[in-house]
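Asker: Next comes the sequence, and after it the predicted model I'd like to discuss.
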Amino acid sequence: MATLTPPSNGSPITMENGKLVVPDLPIIPFIEGDGTGPDIWRATVRVLDAAVASAYQGQKQIQWLEIYAGEKAHRLFDSWLPDETVGACRDYKVAIKGPLTTPIGGGIRSLNVALRQMLDLYVCLRPVRWFKGVPSPVKNPAAVDMVIFRENTEDIYAGVEFEQGSEENERFLQLLQQHFPDHFKKIRFPETSGIGIKPVSRQGTERLVRAAIEYALANGRKSVTIVHKGNIMKFTEGAFRNWAYALAEREFPEQTYTWEQWTRSKEASGEQAANQEQAKALAEGRILIKDAIADISLQQVLTRPDEFDVIATMNLNGDYLSDALAAQVGGIGIAPGGNINYLTGAAIFEATHGTAPKYANLDKVNPGSLILSGEMMLRYLGWTEAADKIIDAMDAVIASKQVTYDFARQMENATEVKCSKFADVLIENM
Ligand SMILES: NC(=O)C1=CN([C@@H]2O[C@H](COP(=O)(O)OP(=O)(O)OC[C@H]3O[C@@H](n4cnc5c(N)ncnc54)[C@H](OP(=O)(O)O)[C@@H]3O)[C@@H](O)[C@H]2O)C=CC1
Ligand SMILES: O=C(O)CCC(=O)C(=O)O
Ligand SMILES: [Mg+2]
């Protein structure tokens with residue numbers, strides 16, 4: 001099945017000696033997406049091209065290559081995720097995508113998750129920042145400046161599930177009963193239980209946490225908070241916490257100070273001495289590594305946003321936190337993200353939100369999330385001048401109150417514009 005027509009100009013991005021090598025005419029694959037995907041992609045591609053043109057005056061230009069997944073791929077090629085699509089993401093290293101539909105309770109498994117797993121994009125990076133003037137339900141949205149590092153390949157997203165009533169489920173429960181009778185007894189209604197397995201590894205944890213600490217160091221961040229539910233899920237989420245602290249102390253002894261160190265210091269020399277030690281370490285510019293249990297974290301990111309900076313967490317917690325935090329800075333219409341493997345350089349940028357199907361083809365929704373995902377992509381390529389153009393234009397357009405429905409319904413004296421018009425106004429402001 002030949003699904004792709006590569007552009008005649010351009011060449012692939014490569015990785016050499018651990019660094020991305022980006023030609024002036026890089027070929028970048030894109031997936032349009034389902035639902036509102038085509039609307040927001042059409043707006044996004046115009047903004048990205050305009051930012052690059054404005055920053056580099058024709059010296060650099062993205063050569064776009066359409067690749068297919070989801071409903072469009074199924075319609076055209078009778079495949080939800082053609083091999084060529086995954087191959088192109090691998091070959092061209094950096095891609096961008098619109099959202100793809102995942103049916104609930106049956107049907108195909110998530111194509112979004114499948115792409116992350118197949119390309120081993122172990123970091124889901126989701127920055128959460130406020131643009132001045134964006135409507136927010138919290139008193140001080142300017143204090144919200146957090147960056148989520150969500151583990152992207154493990155946890156219950158691994159998809160090891162046994163459907164209630166299936167033969168596999170029955171065999172799995174028999175196995176459990178035979179080999180682990182005490183564990184089996186803990187299942188309240190075995191006959192009618194679906195079962196899910198939650199794998200969390202030391203390697204998976206360490207590469208995620210390492211990336212989060214390296215990001216914090218490179219970007220002048222003050223802390224990394226490990227968010228987990230380790231009091232209940234001791235050997236998965238609790239282990240995540242413990243491995244994270246151990247990694248920080250082993251690999252970044254001079255650059256970090258951990259709450260574990262504080263606890264040991266308190267036990268040895270008392271609370272005052274521990275506090276002094278911590279204050280000294282932070283005054284030296286070290287990053288504080290701390291942890292918080294997931295449920296209280298969801299409250300404290302609202303009530304004490306200034307205490308959260310970089311957040312390192314597991315797959316499901318990160319999924320929940322992403323949408324919750326986005327609400328504080330204007331909602332899911334302005335929540336970008338990237339799925340990244342820092343070792344191979346492979347990355348797919350995509351919005352945090354989904355396909356919002358009720359708005360499909362209405363040219364209505366906010367393209368901000370995908371545009372800002374593109375902005376992250378440009379920055380990842382080292383094209384900072386083009387990325388800055390987008391941020392500056394976003395500031396100017398929001399200040400002018402020409403916004404899509406999601407912002408307009410919360411802002412006073414705003415002019416509601418369509419998705420495509422929002423892109424026009426951004427481009428006019430470059
Ligand atoms: N990475 C991906 O591709 C993702 C895919 N999905 C998939 O998307 C589908 C729909 O998921 P659902 O849970 O409804 O979540 P969605 O994120 O698609 O939509 C939920 C609500 O969020 C708001 N919203 C979403 N996108 C925008 C936007 N661009 N601008 C403004 N507001 C927006 C709308 O709110 P309002 O109604 O208030 O206007 C919308 O009704 C599912 O199949 C899901 O699996 C979900 C998340 C990520
Ligand atoms: O793949 C999906 O349909 C949902 C994924 C999701 O919600 C996310 O990654 O944030
Ligand atoms: Mg989500």
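Answerer: Thanks, I have it. Ligands and ions are numbered 1, 2, ... in the order given.

Asker: buried set for the helix or strand Asp424 falls within?
Answerer: Using DSSP states H and E, Asp424 falls within helix 419-428. Buried residues in helix 419-428, counted by 16 or more other C-beta atoms under 10 Å: Cys419, Phe422, Ala423, Asp424, Val425, Leu426, Ile427. For glycine as for every other residue, the C-beta is placed from the backbone atoms N, C-alpha and C.

Asker: Which one of those is nearest to ligand 2?
Answerer: Cys419 (20.7 Å; C-beta to the nearest ligand atom).

Asker: what's near enough to touch that closest one?
Answerer: Residues near Cys419 by C-beta atoms under 8 Å, 6 or more residues apart in numbering: Thr36, Asp39, Ile40, Ala43, Asp363, Lys364, Val365, Asn366, Pro367, Thr404.

Asker: so which helix or strand takes in the third one?
Answerer: According to DSSP H and E, Ile40 maps onto helix 37-56.

Asker: Which neighbouring elements make contact with that helix?
Answerer: The contact analysis (3 or more C-beta pairs under 8 Å, 6 or more residues apart in numbering; DSSP states H and E) places helix 37-56 against strand 27-31, helix 368-380, helix 384-399, helix 419-428.

Asker: Quick check: what element follows the third one along the chain?
Answerer: Under the assignment DSSP H and E, the closest C-terminal helix or strand after helix 384-399 is strand 402-403.

Asker: is ligand 1 contacted by that next one?
Answerer: No: residues of strand 402-403 are not located near ligand 1 by C-beta under 6 Å from any ligand atom, the shortest gap being 10.3 Å.

Asker: Distance from the chain centre to that strand, please.
Answerer: 26 Å (C-alpha atoms, centre = their mean, to the nearest Å).

Asker: Same check on stretch 65-76?
Answerer: The chain centre lies 23 Å from the centre of stretch 65-76; the measure is C-alpha atoms, centre = their mean.

Asker: how about it: buried residues?
Answerer: Across stretch 65-76, burial judged by 16+ other C-beta under 10 Å covers Leu65, Glu66, Ile67, Tyr68, Ala69, Gly70, Glu71, Lys72, Ala73, His74.

Asker: got it, and stretch 188-196?
Answerer: Pro190, Ile195.

Asker: where's the residue in the stretch 201-350 of the chain positioned nearest to ligand 2, which helix or strand?
Answerer: When distances are taken as C-beta to the nearest ligand atom, the stretch 201-350 of the chain reaches nearest to ligand 2 at Asp319, 4.7 Å away. For Asp319, the host element (DSSP H and E) is helix 315-328.
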